[in-house]
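[1] Take this sequence and fold it.
(2 chains)
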Amino acid sequence: MLEKFFEPRSVAIIGATIKEGKVGRVIVENFKKRFKGKIYPVNPKYDEVLGLKCYKNVKEIPDEIDLGIIVVPAPVVPTVMRDLAEKHVKAVIIISGGFRETGTEEGAKLEEEIREIAEKNRIRIIGPNCLGIYDNWSGVDTFFLPDEKMRRPPRGPISFISQSGAFASALLDWMAYRGIGISRAISYGNKIDVDDIDLLEYLGNDDKTGLIIMYLEGLKTGRGRQFIETARKVSLKKPIIIYKAGKTSRGGQAAASHTAALAGNYQLYKAAIKQAGLIEATSFDEIMDLSKILLTQPLMKGNRVYVVTDAGGVGVMLTDALTMQGFELPRTPSDLKEELRSILPPHCIVENPIDLTGDADDDRYIKVLEKLLPRDDVDAVVVVALPQIPGLKGKIFDYLIEAKKKYGKPMVTIMIGSEEAEKFKEYLEDNGIPAFESPERAAIALRALHEYSMFRKKHEG
Amino acid sequence: MTDPRTIIEKALSEGRYKLLEHEAIEIVKYYGAPVAEAVLAKTPEEAVEAASKLGYPVVLKIVSPDISHKSDVGGVIVGLKTPDEVREAAKKIIENVSRNAPRARITGILVQKMAPKGLEVIIGGLRDNIFGPVVMFGLGGIFVEVLKDVSFRIAPITVDDALEMMSEIKSAKLLEGYRGQPPVDKQSLAKIIISVANLLEENPEIESVDLNPVIAYPDKALVVDARVILKK
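    Next comes the predicted model:
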């Protein structure tokens, strides 16, 4: 349904311009850099835009147009829409603002007018008042922020749906700086047509998307039930992390019943999120933490977590944090205790959290993990390998990367420190082992993985 | 049993958006929720008759489209054990109401069998403009009023969903029994939650429902008071 938005063979940019810094110019530049299909600028004022032949009207273009991109002022948009309809264009991104979001009668009227034209001619619309699409595969890029202001991230498995354009562009820039890969990103603005549900469906079926992040302020009226149904279907294929903005309740409004008084907007979204199997992130940090664990780790079979540490204090912090997130830290079973005692010096603590103490070295970790990871009663392992101790050279990290492949069991690490810690952290994360600086953040991320695992288990039967 | 459609249409034709208590109870009962049996009486004598049919003890409540806080106007008298007590109480209620709310129209007096003590919970439902019918569960009294300790689900829901709603509230342990009390019958509560979802689903005129309280026992649950609001 939405292929023409993401993988068009040809695009018309209506409102293309040569004026420095203008939206209509940045978008042409973006397409020239990365888009592999044909680009047709449209503007009656020019014969040429940035070396491309410019057309007075979209109807004059001697080619089929898969995607129309509109950047002209709002009052002109209905006319452009009619031209696009005559040209049989079926997918349109309206970047322009000046519609319902202005709160004016004029804006609402214009929006209604373009909605009618679209409906009559079966044109799908993303927008208006949006950044549109950044697609790392086809090169569709209507994010009208120049490269030097918003860096483009490398290709990767994360796709992103955002109700806020500013948040979408900030996140892309942030991810680009950290080398985190993106597949496709969409900012849909006023969503007069294509909405969260359509996009979830598309990304759900998209082989290039392994994980979806959603920034949501609110769904369209009457779409809640469909949202849950679609999101649930997609969640069974790939994780969806949602950040719900606008958590404050309707507040103060006199309600006719107890239920109405208590049913704040966010309370209902929370229920919907749970029923749909979405994973809620409650802060920006969490969006990233949850992404990295859900992208790299296999599903958990249960909630029994073991901690292996070289720092007793961090072991205790983790015990608290994990317990608070609902995990069980089982007492080390007697057979395992005996095994561990036989391979560890007497001053090490074999009770979970297993403390290898400050004189530990890489081999001590490896020996213990070799006993732990194959066991059926171990559902995940958190490895605290603080690099300040002299014995730690880094072999343990190579082992973890191998062990992940060998045992297919969720593993996360805690890494606190300076340059060396950062170096190990990067190495681990490049190889699919999440490293966290804080025990609390690790515990929250692991809980998200557990919740998602249980959702999959429950619905896959 | 009166069909919910008839009750709703009658209320709307009379310009009433809040169903009278016996109407609300009737609708809830139609959808399979067990209710504390109640009969509408027009006179003190009818009240006595109703009470002897239902069995003692009973509670009497004023029924009026103009009164929403029945206790505030002296419109509720509980714990009546004999025909004489019922007769006197019925007269007293009419007297109280004519004094405290002289302009209120009086439909009658609801005679309801007193439910034995148990754990009070609230089950609610609401039609949201984004999600459509949603249901709510919480424990009664301070838990819902002060602590707002409730959970929601978007309809349609399964029995498992309803059970999960119960385990989700912070005070969930009270449902398991405390101080030697046996656990309450969660399956029965789950069925009531589902009946609220169904009645919202099938009657688009209904905007919200409060079953407050529902009294939960080890082997059953009873809806004692119901409030049904229609869309204006």
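[2] The chain - how does it break down into domains?
    Using chain A. The record's domain split for chain A, according to automatic domain parsing, is A:1-129, A:145-280, A:299-460.
[3] other chain: chain B
    If you go by automatic domain parsing, chain B breaks into B:37-114, B:119-230.
[4] Now render these as CSV, adding mean pLDDT.
    Output for these, formatted as CSV (pLDDT from 0 to 100):
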stretch, mean pLDDT
domain B:37-114, 94
domain B:119-230, 94
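[5] could you redo these as CSV and give each row distance to chain A?
    In this view, the C-beta of every residue, glycine as well, is placed from N, C-alpha and C. Formatted as CSV, the domains of chain B follow (distance: least, CB to the nearest CB, whole Å):
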stretch, distance to chain A
domain B:37-114, 10
domain B:119-230, 3
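[6] deepest of those domains, which one?
    domain B:119-230 (a mean of 20; mean count of other CB atoms under 10 Å in any protein chain shown).
[7] from memory residue B:203 sits against residue B:7, does it?
    No: the criterion here is CB atoms under 8 Å, and residue B:203 misses it with residue B:7 at 9.6 Å.
[8] who touches both of the two?
    Taking CB atoms under 8 Å, 6 or more residues apart in numbering or on different chains as the contact criterion, the residues that touch both residue B:203 and residue B:7 are residue B:27.
[9] With just CA atoms, put stretch B:65-85 into PDB.
    Included here for stretch B:65-85 are C-alpha records, laid out as PDB according to Å, rounded to 0.1, in the frame of the first residue of the first chain:
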ATOM      1  CA  PRO B  65     -34.500  11.200  38.500                       C
ATOM      2  CA  ASP B  66     -33.600  14.400  40.400                       C
ATOM      3  CA  ILE B  67     -31.500  12.900  43.200                       C
ATOM      4  CA  SER B  68     -28.100  11.600  42.700                       C
ATOM      5  CA  HIS B  69     -26.700  11.600  46.200                       C
ATOM      6  CA  LYS B  70     -29.400   9.500  47.900                       C
ATOM      7  CA  SER B  71     -27.900   9.400  51.400                       C
ATOM      8  CA  ASP B  72     -27.500  13.200  51.500                       C
ATOM      9  CA  VAL B  73     -31.300  13.700  51.500                       C
ATOM     10  CA  GLY B  74     -32.000  10.900  53.900                       C
ATOM     11  CA  GLY B  75     -33.000   8.600  51.000                       C
ATOM     12  CA  VAL B  76     -31.400   5.400  52.200                       C
ATOM     13  CA  ILE B  77     -32.200   3.300  55.200                       C
ATOM     14  CA  VAL B  78     -30.300   0.000  55.800                       C
ATOM     15  CA  GLY B  79     -30.600  -3.100  57.900                       C
ATOM     16  CA  LEU B  80     -34.400  -3.500  58.000                       C
ATOM     17  CA  LYS B  81     -35.400  -6.800  59.500                       C
ATOM     18  CA  THR B  82     -39.200  -6.800  59.900                       C
ATOM     19  CA  PRO B  83     -42.300  -5.700  57.900                       C
ATOM     20  CA  ASP B  84     -43.000  -3.000  60.500                       C
ATOM     21  CA  GLU B  85     -39.400  -1.600  60.100                       C
END
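[10] which residues touch the nearest residue to residue A:47 once chain neighbours are set aside?
    Closest residue to residue A:47 in three dimensions, ignoring its sequence neighbours and counting by CB to CB, 6 or more residues apart in numbering or on different chains: residue A:54, at 5.8 Å. The neighbourhood of residue A:54, defined by CB under 8 Å, 6+ apart, consists of A:16, A:41, A:42, A:43, A:46, A:47, A:48.
[11] I'd say the fourth one and residue A:16 touch.
    It refers to residue A:43. Yes: contact criterion CB under 8 Å: residue A:43 and residue A:16 qualify, at 5.2 Å.
[12] Those two: who's more crowded?
    Relative neighbour count places residue A:16 above the other of residue A:43 and residue A:16, with 28 against 21, counting by other CB atoms under 10 Å in any protein chain shown.
[13] Tell me which helix or strand that one sits in.
    Assigned by DSSP states H and E, residue A:16 belongs to neither a helix nor a strand.
[14] ok, now which ones touch residue A:247?
    When the contact criterion is CB under 8 Å, 6+ apart, the partners of residue A:247 are residue A:266.
[15] Helix, strand, or coil at it?
    The assignment at residue A:247 comes out as coil when based on DSSP: H, G, I helix; E, B strand; the rest coil.
[16] Kindly report the same for residue B:198.
    With three-state DSSP as the basis, the three-state label of residue B:198 is helix.
[17] That one: what's it in contact with?
    Counting by CB under 8 Å, 6+ apart, residue B:198 has contacts residue B:31.
[18] change it to 10 Å
    Contacts of residue B:198 were listed using CB atoms under 10 Å, 6 or more residues apart in numbering or on different chains, and they are B:30, B:31, B:32, B:33, B:125, B:133, B:135, B:155, B:156.
[19] Could I get the phi/psi values of the nearest residue to the third one once chain neighbours are set aside?
    Just to be clear, that refers to residue B:32. Nearest-residue entry for residue B:32: residue B:195, 5.0 Å, with adjacent residues in sequence omitted and distances by CB to CB, 6+ apart. For residue B:195, the backbone dihedrals (degrees, to the nearest 10) come out as phi -70, psi -30.
[20] how about residue B:195, what does it touch?
    Applying CB under 10 Å, 6+ apart, one finds that residue B:195 lies in contact with B:27-34, B:123, B:125, B:135, B:209, B:211, B:223.
[21] swap in residue A:307?
    Contacts for residue A:307 (CB under 10 Å, 6+ apart) come out as A:314-319, A:322, A:329, A:352-355, A:380-384, A:414, A:439.
[22] secondary structure element for it?
    Element membership for residue A:307 (DSSP H and E) is strand A:305-309.
[23] following that strand, which helix or strand shows up next?
    The element immediately downstream of strand A:305-309 (helix or strand, assigned by DSSP H and E) is helix A:312-324.
[24] contact partners of that following helix?
    Counting by CB under 10 Å, 6+ apart, residues outside helix A:312-324 touching it are A:303, A:305, A:307-309, A:311, A:327-329, A:349, A:352-358, A:380, A:382, A:384, A:386, A:414, A:416, A:438-444, A:446-447.
[25] all helices for chain B, in order.
    Defined through DSSP state H, the helices belonging to chain B, from first to last, are B:4-13, B:21-30, B:44-54, B:83-100, B:142-145, B:159-168, B:186-202.
[26] what about residue A:413, how many residues close to it?
    Summarising burial for residue A:413: neighbours were counted as other CB under 10 Å, giving 22.
[27] Now do the SS call for it.
    Going by three-state DSSP, the secondary structure assigned to residue A:413 is strand.
[28] so does the lengthiest strand in chain A get close to chain B?
    Longest strand in chain A, counting residues (DSSP state E): strand A:155-162. No: contact of strand A:155-162 with chain B is not found when judged by CB under 10 Å from any CB of the partner chain; the minimum separation is 17.2 Å.
[29] just to revisit the earlier point, find the residues that touch each one of residue A:43 and residue A:16.
    If you check residue A:43 and residue A:16 against CB under 10 Å, 6+ apart, the residues they both contact are A:24, A:28, A:49, A:54, A:55, A:71, A:72.
[30] Sounds good, over and out.
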